[in-house]
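Engineer: missing the sequence, but the structure's below:
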């Protein structure tokens, strides 16, 4: 019974770390640019395919393919931000919130439909990271899950160190707290917007490449994780990177335990998202600003 | 000449907030800029720091046109500024508020060097005892001092101080004034905008008065305050 519980928690943690990776990217974009990126799930999907084709066309080892996927989605994010989001920083756009919603939603539709045309509608599966697996009593956790969790944890630790210890991370934090103040101390806010969007896209892409060997690749694979990411961003407290990391792990574990202990195993999986929603509702009832939330932020 | 605003104009709709105004600031000069509400003082400060782009005229630093340049370019050219209502990094500590500009602007600074410099600035501003607090926990006056300190971390050549005395507790007023005077003595060029005529008058050797977006007087404080135009602008007579 104990090993079953441990297995559920480990499984939840793996999914949670991937969720956290996606949500951390979404949070960075939100806190620096003050926009919700509705195209985030599509960037996650593109990351998955980028990893797949890096392995099959370039012969890159599966683990390095994750880095290739992150680099590819970073570049894609930077190009999109420069072309489509740059007007937000000028007076040419009057209704900035609405503009950002429309163009990021357009990014989602464009990428998902382009993926159907380019990669085909059928599922693809990249090779495993490893054939090894971990046995907990009678139960087994696959090596792919462990590698994905380990890599996601490393990326999240790296992200935290980058945000806290580097001048670029500090500049991103400064812009997220006050754009005017950041500008008068010599920080080029536009450069930070580009960096933040590229970084957020890279984290989503990395998550997509990590999850690909566990589940499969499909053009619509980003739909559900992006919804989970929005839940996590609210759960963790909008704009808080540590909040999104802890929120992601919490959501993964709650979903896994909910499914694992639901009385009717045939229906348990169908209720997976309901457990996440329940967690969100309870959290917001107790802490309306989320776990690490702060006052309402909106487009400046 | 350190900074010059040459025939600058800024319109908001049909209103000319700054109207064909010319102002120069020399190296090491302490200039007081006063005027009734709505006279265009803050708009002028925004133009001189890149927060606003003039509709006409030029702002030059060291004779180089800064037209259309972003605020961070002005900061990198040696212009530091404060706001009427302090715009701090409220969730950073007081120390982090000071370290961030040093790291952002002077990439050659190590974190240790930035911290050392930040502690010097805190000591100068008598804020060492609140170094570990979040900026949002400070009083209004302390926030104004911290914002001044953040500008000093840039090692600017020109400081634009927008109403540094407004909303400051009377006990802290002298401290703010002393710090400004000390900075002026050490060679900083300062443009000081404030409504507190007594405080400004006691500090500056040159006073500029604005009304309806234009300069109506420019000279020694006592002389300027006796000017008929200035009395009219303030009293409406």
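Structural biologist: Yep, that arrived. It should be emphasised that the depicted structure is a prediction, and the values quoted were computed from it without experimental measurement.

Engineer: which residues touch residue 19?
Structural biologist: The chain I'm using is chain A. A:225, A:228, A:229, A:232, A:248, A:249, A:251, A:252 (CB atoms under 8 Å, 6 or more residues apart in numbering or on different chains). Where you see a C-beta, it was placed from the backbone N, CA and C, and this is true even at glycine.

Engineer: Please refer instead to chain B.
Structural biologist: Residues in contact with residue B:19, defined by CB under 8 Å, 6+ apart, are B:9, B:40, B:212, B:213, B:214.

Engineer: which residue ranges form the helices in the chain?
Structural biologist: I'll assume chain A. A:2-33, A:40-58, A:62-80, A:96-119, A:143-165, A:167-177, A:179-184, A:189-211, A:223-236, A:241-261, A:265-268, A:272-286 (DSSP state H).

Engineer: Switch to chain B, please.
Structural biologist: B:41-48, B:71-76, B:94-105, B:111-124, B:140-152, B:170-185, B:197-203, B:221-225, B:228-235.

Engineer: how about the second one, does it reach chain A?
Structural biologist: Yes - counting by CB under 8 Å from any CB of the partner chain, contacts between helix B:71-76 and chain A involve B:71, B:72, B:74, B:75, B:76.

Engineer: helices or strands up against that helix?
Structural biologist: Secondary-structure packing of helix B:71-76 (3 or more CB pairs under 8 Å, 6 or more residues apart in numbering or on different chains; DSSP states H and E): helix A:179-184.

Engineer: ok, now the first one?
Structural biologist: If you count contacts as 3+ CB pairs under 8 Å, 6+ apart, helix B:41-48 packs onto strand B:3-12, strand B:15-25, strand B:30-34, strand B:158-162, strand B:189-193.

Engineer: got the angle for it vs strand B:158-162?
Structural biologist: Angle between the axes of helix B:41-48 and strand B:158-162 is 150 degrees (criterion: axes from the mean of the first three to the mean of the last three CA atoms, to 10 degrees).

Engineer: what mean pLDDT does helix B:41-48 have?
Structural biologist: Taken as a whole, helix B:41-48 has a mean pLDDT of 94.

Engineer: need the contact list for residue 77.
Structural biologist: Answering for chain A, as no chain was given. Taking CB under 8 Å, 6+ apart as the test, what residue A:77 contacts is A:43, A:197, A:198, A:199, A:200, A:201, A:202.

Engineer: Actually, chain B is the one I wanted.
Structural biologist: Residue B:77 touches B:61, B:62, B:64, B:66, counting by CB under 8 Å, 6+ apart.

Engineer: thought residue A:279 was touching residue A:254?
Structural biologist: Yes - the criterion here is CB atoms under 8 Å, and residue A:279 meets it with residue A:254 at 4.8 Å.

Engineer: Around chain A, pick out the residues from chain B.
Structural biologist: B:49-51, B:70-72, B:74-76, B:80-81, B:83, B:87-92, B:96, B:99-101, B:103-105, B:107, B:150-151, B:153-154.

Engineer: Going through those, which ones are buried?
Structural biologist: Neighbour-count burial within those applies to B:49-51, B:70-72, B:74-76, B:80-81, B:83, B:87-92, B:96, B:99-101, B:103-105, B:150-151, B:153-154; the criterion is 16 or more other CB atoms under 10 Å in any protein chain shown.

Engineer: For burial, what's the neighbour tally of residue A:83?
Structural biologist: Other residues lying near residue A:83 total 10 when counted by other CB atoms under 10 Å in any protein chain shown.

Engineer: Could you check how far it is from residue A:103?
Structural biologist: Distance check for residue A:83 against residue A:103: by CB to CB, to the nearest Å, it reads 9 Å.

Engineer: same check, this time on residue B:1
Structural biologist: 45 Å.

Engineer: Looking at these two, which is more packed in?
Structural biologist: The neighbour comparison of residue B:1 against residue A:103 (other CB under 10 Å) goes to residue A:103, with 21 against 12.

Engineer: Now do the contacts for that one.
Structural biologist: Taking CB under 8 Å, 6+ apart, one finds A:84, A:85 in contact with residue A:103.

Engineer: Also the one 5 residues further on?
Structural biologist: With contacts taken as CB under 8 Å, 6+ apart, residue A:108 has the following neighbours: A:38, A:39, A:40, A:41, A:42, A:222, A:226.

Engineer: Give me the number of neighbouring residues for the residue nearest to residue B:126 when sequence neighbours are not counted.
Structural biologist: Excluding its sequence neighbours, the residue lying closest to residue B:126 (CB to CB, 6 or more residues apart in numbering or on different chains) is residue B:175, at 6.5 Å. By the criterion of other CB under 10 Å, residue B:175 has 16 neighbours.

Engineer: same thing with residue A:49?
Structural biologist: Neighbours of residue A:49 (other CB under 10 Å): 25.

Engineer: Could you double-check that it lies in contact with residue A:123?
Structural biologist: No - Residue A:49 is beyond contact range of residue A:123, at 11.5 Å (criterion: CB under 8 Å).

Engineer: low-confidence ranges in the chain?
Structural biologist: Using chain A. Where chain A drops to pLDDT under 70, the residues are A:1, A:294-300.

Engineer: look at chain B instead
Structural biologist: In chain B (pLDDT under 70), the answer is B:106-108, B:236-237.

Engineer: Might you report the residue contacts of residue A:189?
Structural biologist: Residue A:189 touches A:89, A:175, A:179, A:182, A:183, B:70, B:72, counting by CB under 8 Å, 6+ apart.

Engineer: Recalculate using a threshold of 7 Å.
Structural biologist: A:175, A:179, A:182, A:183 (CB atoms under 7 Å, 6 or more residues apart in numbering or on different chains).

Engineer: try residue A:146
Structural biologist: residue A:134.

Engineer: any idea how far chain B is from it?
Structural biologist: Relative to chain B, residue A:146 is positioned 35 Å away (CB to the nearest CB, to the nearest Å).

Engineer: before we move on, what about residue A:167?
Structural biologist: 4 Å.

Engineer: count of residues packed around that residue?
Structural biologist: Neighbours of residue A:167 using other CB under 10 Å come to 19.

Engineer: shouldn't it be in contact with residue B:104?
Structural biologist: Yes - contact criterion CB atoms under 7 Å: residue A:167 and residue B:104 qualify, at 6.2 Å.

Engineer: which residues do residue A:49 and residue A:123 both contact?
Structural biologist: residue A:217.

Engineer: how about stretch B:196-210: buried residues?
Structural biologist: B:196, B:199, B:200, B:203, B:204, B:206, B:207, B:208, B:209, B:210.

Engineer: my bad, should have said stretch B:187-198
Structural biologist: Going by 16+ other CB under 10 Å, stretch B:187-198 has these buried residues: B:188, B:189, B:190, B:191, B:192, B:193, B:194, B:196.

Engineer: out of the residues you listed, who's nearest residue A:95?
Structural biologist: residue B:193 (33.3 Å; CB to CB).

Engineer: who does that closest one bridge with?
Structural biologist: As for beta bridges, residue B:193 partners with residue B:33, residue B:162 under DSSP bridges.

Engineer: looking at it, it is touching residue B:164, isn't it?
Structural biologist: No - the pair residue B:193 / residue B:164 is not scored as a contact, 8.3 Å apart, by CB under 7 Å.

Engineer: residue contacts, the closest residue in space to residue B:82 that isn't next to it in sequence?
Structural biologist: If the residues on either side of it in the chain are set aside, residue B:82 comes closest to residue B:147, at 4.5 Å by CB to CB, 6+ apart. Residue B:147 is in contact with B:82, B:83, B:86, B:88, counting by CB under 7 Å, 6+ apart.

Engineer: Top of the contacts of residue B:77 by number of neighbours, please.
Structural biologist: Of the contacts of residue B:77, with other CB under 10 Å as the count, residue B:66 tops at 23 neighbours.

Engineer: Give me the nearest residue to that residue, chain neighbours excluded.
Structural biologist: According to CB to CB, 6+ apart, the nearest residue to residue B:66 is residue B:59 (4.9 Å).

Engineer: Same check on residue B:5?
Structural biologist: Residue B:5 sits nearest to residue B:23 (CB to CB, 6+ apart), 4.7 Å away.
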